[in-house]
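> Dropping a prediction and its sequence here:
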Amino acid sequence: MTLTLYNTLTRRQEPFTTVEPGKVKMYYCGVTVYDFCHLGHARACIVWDVVRRYLQFIGYEVRYVQNFTDIDDKILNRSRQEHSSMEEVADRFIKAYFEDMARLGIKEADEYPRATHTMNGIQRLIHELEHKGYAYPADGDVYYAVRQFSEYGKLSRRKLEDLQVGASDRVQVKDPEYQKKKDPFDFALWKAARPGEPAWKSPWGEGRPGWHIECSAMVRDRLGETIDIHAGGEDLIFPHHENEIAQSEAVTGKPLALYWMHNGMVKVDGEKMSKSLGNFTTIRDLLNRGVEPMAVRLLVLMAQYRTPIDFTDEAIADKTNAWHTLKEGLLFGYEYGEKLGWQMETASLIPEIVERFQASVNDDFNFPGGLTVLFELAKELRREGNIIVHQGKTATPAEELKKQWQTLVTLAEVLGLEAKLELETSPSGGLSDAEIETKIQQRQQARQAKNFAEGDRIRDELLAQGITLIDSRDGTRWHRN
Ligand SMILES: Nc1ncnc2c1ncn2[C@@H]1O[C@H](COP(=O)(O)OP(=O)(O)OP(=O)(O)O)[C@@H](O)[C@H]1O
Ligand SMILES: [Zn+2]
């Protein structure tokens, strides 16, 4: 069974082979740190987390690097508003990033380079580009001469001529950099310092790097000249990834990445969820409202990774239900294992089921297909759980059930879906925090649908279990009596 994946560069699904046998070098263009992460970032992080986990599961040694863009006009704006420094803003949102992603069960990358910590590599690359005739200085800035790179446009399939026809002169003249560029499509590798902004010394004068060169430098510094997978959201194909290719390949003469992979967007009313558009729901808001982290994972993984996802309350409610089904299966062993006399030392999986799972995921990371296998197992275990409760025995031999359960737990973990953690954090007896929050969410949904009787019923049900709800304009808080 071979893994095949869709390569944006060739627009084809291709068999996966790596530069070095058995090893994968993977880079994901991470977040610009000037705000809390939203569900679009959650999707990108979950998809690449699971791609990495799966590659490891099928035997690759994966080196996974994800950057933080910590110099940017938007970070500067935020630091001005807050009367703090760019570094302070970046540090705060990097910390928040780790908190949020840990809640979603995202495994940490092997390295998290930051643009501001890569200044030597960035300047070296610009210098080499200049030396080779791909870059020119202009009044303290340095620009990339797009027309020097004959393959420009190969990733996004855009031709400069077409772009030129589409661009209006009026817009270009407004661009403050327009006068300095030899060609309107050239882009900045280095920007001269502006008063009051952070700046670094360089052969071209004090200034700071452009966004695209940061990633080219970080990839080269941390992973080398040709990597196996370069990942990011599809919004980055043009110009960011196109420019990364132009910069890196002009210097090395080698492909920057063998496979270019892009996740589809999380959308709201048909528009990309984004920090700049302000139409976002942050991960922490959603989780603090009581949505279970694993429901967010399912929202992402039950869609093909390249297609758009519409974020709605219904979609989250639907995936919460799906998670509860899966969770019952995942908890089966903890609930009934002892009763069934299972010895847990050895894990034995059911090869046919693992094969079915792999056959799906090997087809361009078809996670929804892989999940179908997991849901079948979970439903089967749930059914057996009911039989145990009502008849005190199982329909299937205990040893067979143990294999089913261990197969489910192992494969779910490949997708980062774990129920044990929640079990461990539940207080002994009564409802766990997550369960209470789910109930509150169900109550909110009932009330939104004007089903106040159902809303009151849920409130009373919680009260009967010693949990009081307090409604306010900011939502519903609760405490144990
Ligand atoms: N709505 C989205 N759906 C899926 N992936 C996204 C979405 N928004 C951003 N990403 C991905 O998350 C990573 C970080 O993006 P970035 O920090 O530029 O976020 P952004 O919300 O688009 O910010 P801005 O609006 O300021 O450009 C990139 O790989 C990007 O492609
Ligand atoms: Zn990048």
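Perfect, I can see it now. Ligands and ions are numbered 1, 2, ... in the order given.
> rest of the way, CA atoms for contacts and neighbours
Will do.
> For the stretch 101-250 of the chain, which residues are neighbours of ligand 1?
Counting by C-alpha under 6 Å from any ligand atom, the stretch 101-250 of the chain comes close to ligand 1 at 232-236.
> Narrow these to those that are buried.
Among those, those buried by neighbour count (16 or more other C-alpha atoms under 10 Å) are 232-234.
> want to throw these into CSV with secondary structure and distance to Gly264?
Shown next, in CSV, are those (DSSP: H, G, I helix; E, B strand; the rest coil; distance: C-alpha to C-alpha, whole Å):
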residue, secondary structure, distance to Gly264
Gly232, strand, 9
Gly233, strand, 6
Glu234, helix, 6
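> from those, which is closest to ligand 2?
Gly232 (7.5 Å; C-alpha to the ion).
> what distance separates the stretch of helix or strand Arg457 belongs to from the middle of the whole chain?
Using DSSP states H and E, Arg457 maps to helix 452-464. Centre-to-centre, helix 452-464 and its host chain are 36 Å apart (C-alpha atoms, centre = their mean, to the nearest Å).
> thinking again about what came up before, could you save the buried ones among the residues of the stretch 101-250 of the chain next to ligand 1 as JSON lines and add columns showing distance to Asp310 and pLDDT?
Below are these laid out as JSON lines (distance: C-alpha to C-alpha, whole Å; pLDDT from 0 to 100):
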{"residue": "Gly232", "distance to Asp310": "19", "pLDDT": "98"}
{"residue": "Gly233", "distance to Asp310": "15", "pLDDT": "98"}
{"residue": "Glu234", "distance to Asp310": "15", "pLDDT": "98"}
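> how about these in JSON lines, adding distance to ligand 2?
Listed next are those as JSON lines, based on distance: C-alpha to the ion, whole Å:
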{"residue": "Gly232", "distance to ligand 2": "8"}
{"residue": "Gly233", "distance to ligand 2": "10"}
{"residue": "Glu234", "distance to ligand 2": "12"}
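> Following element in sequence after the lowest-mean-pLDDT helix or strand in the chain, please.
Of the helices and strands making up the chain, the lowest-confidence element is helix 420-425, at a mean of 52, by mean pLDDT, DSSP states H and E. As assigned by DSSP H and E, the chain's next helix or strand after helix 420-425 is helix 433-448.
> Give me the buried positions along that next one.
By neighbour count on 16+ other C-alpha under 10 Å, the buried set for helix 433-448 is 433-446.
> ok, now stretch 269-280?
By 16+ other C-alpha under 10 Å, the buried positions in stretch 269-280 come out as 272-275, 280.
> Also stretch 5-25?
So, applying 16+ other C-alpha under 10 Å, buried residues of stretch 5-25: 5-9, 16-17, 23-25.
> if we can go back for a sec, any chance of TSV for the buried residues of stretch 269-280, columns distance to ligand 1, secondary structure and pLDDT?
As requested, the buried residues of stretch 269-280 are exported to TSV (distance: C-alpha to the nearest ligand atom, whole Å; DSSP: H, G, I helix; E, B strand; the rest coil; pLDDT from 0 to 100):
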residue	distance to ligand 1	secondary structure	pLDDT
Lys272	5	strand	97
Met273	4	coil	97
Ser274	4	coil	94
Lys275	4	coil	86
Phe280	8	coil	95
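> just checking, what packs against the helix holding Arg457?
Where contact means 3 or more C-alpha pairs under 8 Å, 6 or more residues apart in numbering; DSSP states H and E, helix 452-464 is packed against helix 433-448, strand 467-472.
> Tell me which of the ones you listed sits nearest to ligand 2.
Using C-alpha to the ion, the helices and strands packed on helix 452-464 put helix 433-448 closest to ligand 2, at 35.7 Å.
> contact partners of that closest one?
289-292, 422, 426, 452, 454-456, 458-459, 462, 476 (C-alpha atoms under 8 Å, 6 or more residues apart in numbering).
> now, which of the buried residues of stretch 5-25 sits nearest ligand 1?
Comparing the buried residues of stretch 5-25 against ligand 1 with C-alpha to the nearest ligand atom picks out Thr8 as the nearest, at 14.0 Å.
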